[in-house]
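1. What follows is a predicted structure for the sequence shown.
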Amino acid sequence: MTTYLIGRLGQGIFVLLVVSILAFVLLHLAPGDPAALLYGPDLSAEELRAVRTAWGLDDPLPVQYVRWLSRFLQLDFGRSFADGRPARDVILERLPATLYLTLSALGLALVFGVTAGIVSALRPLSWLDYTITTVSTVLYSAPNFWLGLLLVLVFSVWLGWLPSAGMQSVRGPTSPGDRFAHLILPAFVLSLREVASLTRYTRAGMVEVLSQDYIRLARAKGLPEYRVIVDHAFRNAALPVITLVGLFIPRLVGGSVVVETLFSWPGMGRLVVEAAFARNYPVLMGEVVLVGAVVILGSLLADLAYGLADPRIRYDGRRR
Amino acid sequence: MRAPTFRSAPRTTLKAEGDWTRTARAFVRHRTAFLAGFVLGVIILLALGAPLLAPYPPDYIDLGARARSPGPDHLLGTDRLGRDIASRLLYGARVSLFVAGTAILLATVLGTVVGLVAGYLGGWVDVVLSRTVDALLSMPTFFILVAVQSLLPPSVWNVVGIIGLTVWLGLARIVRGQVLSLREREFILAARAVGASTGRIIVRHLLPNVAGPVIVFATLGVADAILIEAALSFLGLGVPPFEASWGNMLTDGQVAALSGAWWIPLFPGLVILITALAVNLVGDGLQQAVLR
């Protein structure tokens, strides 16, 4: 177990290093001078040169990278080009919003996807099954931000029931209800694609498990149907679903870029777009590596959960 | 193009299922994939015929008819600059389909080569390649995509490149898996016994045998590529804003939606949905026919 963990962590760190080098090189080869972008016409060529020297932008790339890395390891991501604040603070203050959004979406996806998958599998080939399968195929093929736009149009513009942007009302008191109302549309939109694929996988898993002999046995010995479904069938069908969750984490975090932009959600996804447009290197770099780290950690946790849920899985080759 | 023949996969029977039901199912599946292929063909024809079919040039601005709802002059309405939405959709199809198609071509070549090499050579080559693929698959690619794309000058080719470089990972994994089992088979052993070179075995013996899954995956990948292009363009980081693409049209749609002009976001999204759906259904059909 420990060996496995260390191996996985080592792999993760290696990936992060490679990603950070690639991103660093690309960022610095890209056109556009951050000093000029920030101060633009306000400064003379002389003053711009001074700024570039002060920021170390004139040093050779490897030197800049090593400097960045050694500071990064001390949790110093440099200063945001946008306002001079530490990039770490700029990024970390956006982290809770993104976690709140992605975890809510993950919860929604699990509840809706698993339920729809089970319902679908209980009566295969029925009209309900066809409806669920069709809807999930359509959802899987639709751009989620477009569905989001339409939902905003209906629920915010026409009906006026739900807010269309932000995490809470700008004016007036912010109650838990107000925060919840702001969460509904973004979390729902972010979850849609994962709901669709969870439905498909749960259905496939359940259909297979339900045809097994031990299910027939459970029914034959007179267990109530709900116990057959929940205790016997779903527990076994749930295993592949847990591995999927590990895959969902990078996808949800990636999806948050578009959804947060659409709903003006003050999270890391929107920050990366803002930083990208402003060529805010310290923030971009810090964010790419930090998000990578969070995601790798999340996938690792999902892997471990898989091992706990399935006693047949051992990570160390020894019997427990 | 020859219409592909779809065979229904032998299924693990869920319940006692009569022969008629099974035949009906096979028929429906066949029909769905076939119909989807037809829809896709029509979309491609419409894109090719855009100059003949579009009632207006894509960039023609009618200042007197801004944000006009659908009507006889503008079948699908106009956007906020007064450009005809139907015409822009037709021209946008060329850009969006070109980006998706070319990106997938790139991804297919890359994924197949990496998968073949890693699977057949094995050893440290396999370790390095597979670990890299696994690692990249666990990264939130869209973050990196946005970061990188924002630094390149806006151009259609950059979008093609960046999407192509993102979607090849899954394919490499699948091809490698196939090769791992193929390389133990007798015909590969026979080829090796008569002294065929590694290159020859890979190209003449392995490649034809992985072609099926490659085609399936490439087809399904086109749908992903269409959606990624739309998302990137929506963020303003995709196809240059002055070119009509489906994703670009949705950028304008966001502001329009808030003012209640439903037709501006509705139609481009609907076209993306229909195209991606058709591609996915064709892919599913191919999968059943090929992968059995």
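-> Looks like it came in fine. Numbers count the residues shown, from 1 in each chain, chains lettered A, B, ... in the order given.

2. Just give me the residue right at the centre of chain A.
-> Nearest to the mean C-alpha position of chain A, by CA atoms, centre = their mean, lies residue A:253 at 1.8 Å.

3. Indicate the residue of the stretch 101-250 of chain A located nearest to chain B.
-> Nearest to chain B in the stretch 101-250 of chain A, going by CB to the nearest CB, is residue A:146, at a distance of 3.4 Å. The C-beta positions use only the backbone N, C-alpha and C, and glycine is treated the same way.

4. all helices of chain A, in order?
-> Under the criterion DSSP state H, chain A contains helices at A:2-29, A:34-39, A:45-54, A:61-73, A:87-92, A:95-122, A:127-141, A:144-151, A:176-210, A:213-220, A:225-227, A:235-262, A:268-278, A:281-309.

5. lowest-confidence helix or strand of the chain?
-> Let's take chain A. helix A:34-39 (a mean of 64; mean pLDDT, DSSP states H and E).

6. so for stretch A:308-318, what's the average pLDDT?
-> Stretch A:308-318 comes out with an average pLDDT of 60.

7. Also stretch B:190-204?
-> 87.

8. Next: stretch A:87-105.
-> Average pLDDT, stretch A:87-105: 88.

9. Check stretch A:287-295 too.
-> 81.

10. Quick check, central residue of chain B?
-> residue B:222 (0.7 Å).

11. Any regions of the stretch 101-250 of chain A where pLDDT drops low?
-> A:171-174 (pLDDT under 70).

12. For it, which residues are neighbours of chain B?
-> Counting by CB under 8 Å from any CB of the partner chain, the stretch 101-250 of chain A comes close to chain B at A:124-125, A:137-138, A:140-143, A:145-147, A:149-150, A:152-153, A:156-158, A:164, A:207-208, A:210-211, A:250.

13. Just the buried ones among the residues you listed, please.
-> A:124, A:137-138, A:140-143, A:145-147, A:149-150, A:152-153, A:156, A:164, A:207-208, A:210, A:250 (16 or more other CB atoms under 10 Å in any protein chain shown).

14. re earlier: mind checking how far the residue nearest to the centre of chain B is from residue A:186?
-> Residue B:222 sits 28 Å away from residue A:186, going by CB to CB, to the nearest Å.

15. And residue A:169, by the same measure?
-> Applying CB to CB, the value for residue A:169 to residue A:186 is 15 Å.

16. Those two: which has the busier surroundings?
-> residue A:186 (27 against 14; other CB atoms under 10 Å in any protein chain shown).

17. For the residue nearest to that one when sequence neighbours are not counted, the count of nearby residues, please.
-> Nearest non-adjacent residue to residue A:186, counting by CB to CB, 6 or more residues apart in numbering or on different chains: residue A:263, 4.4 Å away. If you count neighbours by other CB under 10 Å, residue A:263 ends up with 26.

18. Between the two ends of stretch A:259-267, what distance do you get?
-> End-to-end distance for stretch A:259-267, by CA to CA, to the nearest Å: 10 Å.

19. I misspoke; the intended subject was stretch A:261-268.
-> This stretch, stretch A:261-268, spans 10 Å end to end (CA to CA).

20. where's it relative to the chain centroid, distance-wise?
-> 13 Å (CA atoms, centre = their mean, to the nearest Å).

21. Name the residues of it that come out as buried.
-> Residues A:261, A:262, A:263, A:265, A:266, A:267, A:268 are the ones in stretch A:261-268 that count as buried (16+ other CB under 10 Å).

22. can you check stretch B:166-178 too?
-> So for stretch B:166-178, counting by 16+ other CB under 10 Å, buried means B:166, B:167, B:168, B:169, B:170, B:171, B:172, B:173, B:174, B:175, B:176, B:178.

23. Just give me the neighbour total for residue A:21.
-> Using other CB under 10 Å, residue A:21 is surrounded by 14 other residues.

24. Grab the nearest non-local neighbour of it.
-> That would be residue A:65: by CB to CB, 6+ apart, it lies 6.7 Å from residue A:21.

25. what sits against that neighbour?
-> A:21, A:24, A:25 (CB atoms under 8 Å, 6 or more residues apart in numbering or on different chains).

26. what's the pLDDT at it?
-> For residue A:65, the model assigns a pLDDT of 83.

27. burial count for residue 129?
-> Reading this off chain A. Per other CB under 10 Å, the neighbour tally for residue A:129 reads 17.

28. not quite, I wanted chain B
-> Counted with other CB under 10 Å, residue B:129 comes out at 18.

29. Contact partners for it?
-> Applying CB under 8 Å, 6+ apart, the residues near residue B:129 are B:114, B:117, B:118, B:172, B:176.

30. With residue A:183 instead?
-> A:100, A:101, A:104, A:167.

31. distance of it from residue B:235?
-> 22 Å.

32. Repeat that for residue A:192.
-> Between residue A:192 and residue B:235 the distance is 18 Å, computed by CB to CB.

33. the more surrounded of these two?
-> Ranked by neighbour count (other CB under 10 Å), residue A:192 and residue B:235 place residue B:235 first, with 25 against 22.

34. What count of nearby residues applies to residue A:222?
-> As a burial measure, residue A:222 scores 6 neighbours (other CB under 10 Å).

35. starting at the chain centroid, how far to stretch A:160-167?
-> So, by CA atoms, centre = their mean, the centroid of stretch A:160-167 is 22 Å from its chain's centroid.

36. thinking residue B:271 is in contact with residue B:93, fair?
-> Yes. Residue B:271 is within contact range of residue B:93, at 7.3 Å (criterion: CB atoms under 8 Å).

37. joint contacts of those two?
-> Both residue B:271 and residue B:93 are contacted by B:43, B:246, under the criterion CB under 8 Å, 6+ apart.

38. In the longest helix along chain B, which residues are buried?
-> As assigned by DSSP H, the longest helix anywhere in chain B is helix B:85-121. By neighbour count on 16+ other CB under 10 Å, the buried set for helix B:85-121 is B:85-104, B:106-108, B:110-112, B:114-120.

39. Would you tell me what the next helix or strand after that helix is?
-> helix B:123-137 (DSSP states H and E).

40. centre of the chain versus the next helix or strand after that next one, how much separation?
-> Per DSSP H and E, the first helix or strand lying C-terminal to helix B:123-137 is helix B:141-149. Relative to the chain's own centre, helix B:141-149 is displaced by 19 Å; criterion: CA atoms, centre = their mean.

41. Ok, stretch A:265-281 next?
-> So, by CA atoms, centre = their mean, the centroid of stretch A:265-281 is 15 Å from its chain's centroid.

42. So is it next to chain B?
-> Yes. Stretch A:265-281 reaches chain B (CB under 8 Å from any CB) through A:269, A:272, A:273, A:275, A:276, A:277, A:279.

43. Tell me which other helices or strands the strand or helix carrying residue B:217 touches.
-> Following DSSP H and E, one finds residue B:217 within helix B:207-235. Counting contacts by 3 or more CB pairs under 8 Å, 6 or more residues apart in numbering or on different chains; DSSP states H and E, helix B:207-235 is packed against helix A:144-151, helix A:235-262, helix B:85-121, helix B:141-149, helix B:156-182, helix B:246-258, helix B:263-291.

44. want to throw those helices into TSV with distance to residue A:7?
-> Listed next are the helices and strands packed on helix B:207-235 as TSV, based on distance: least, CB to CB, whole Å:
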stretch	distance to residue A:7
helix A:144-151	35
helix A:235-262	16
helix B:85-121	19
helix B:141-149	23
helix B:156-182	19
helix B:246-258	40
helix B:263-291	32
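
45. ok, of these, where does mean pLDDT dip lowest?
-> Lowest mean pLDDT of the helices and strands packed on helix B:207-235: helix B:141-149, a mean of 78.

46. Would you mind giving the orientation angle of that helix with respect to helix B:156-182?
-> 140 degrees (axes from the mean of the first three to the mean of the last three CA atoms, to 10 degrees).

47. I'd like to know which elements helix B:141-149 is packed against.
-> If you count contacts as 3+ CB pairs under 8 Å, 6+ apart, helix B:141-149 packs onto helix A:2-29, helix A:235-262, helix A:268-278, helix A:281-309, helix B:156-182, helix B:207-235.
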